[in-house]
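Q: Give me a 3D structure for the following:
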Amino acid sequence: MFFSSDSGSSGRHAGTTRSNAPPSKWDYVKTFYYNQTKWDFVKSVAFFGVAVYLIRDLASNDLLPME
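A: Predicted coordinates:
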């Protein structure tokens, strides 16, 4: 059912196909996850955006309606 790929033509081999290629845009995006400072900045901006969305959404609701 499963065969080992000793010929090397199929399967993924880390770093063998792109060893001499220039870094791509996706490689740059992945640095935001692996770098702690960049990841903290991304999280801060994301949480700020969510907070602004929630404040705008909840601002139209009356929490204590006057009867």
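Q: Which residue, other than its chain neighbours, is closest to residue 32?
A: residue 38 (4.5 Å; C-beta to C-beta, 6 or more residues apart in numbering). Quick note: C-beta positions are derived from backbone N, CA and C, even for glycine.
Q: From residue 29, how far out is that neighbour?
A: 10 Å (C-beta to C-beta, to the nearest Å).
Q: Which one's more surrounded, these two?
A: residue 38 (12 against 9; other C-beta atoms under 10 Å).
Q: if I read this right, the more buried one contacts residue 28, doesn't it?
A: No: at 10.3 Å, residue 38 does not count as touching residue 28 under the criterion of C-beta atoms under 8 Å.
Q: Who are the packing partners of the lengthiest helix in the chain?
A: Longest helix in the chain, counting residues (DSSP state H): helix 36-59. Here helix 36-59 touches helix 25-34, going by 3 or more C-beta pairs under 8 Å, 6 or more residues apart in numbering; DSSP states H and E.
Q: what's the average pLDDT for the helix it packs on?
A: Averaging pLDDT along helix 25-34 gives 88.
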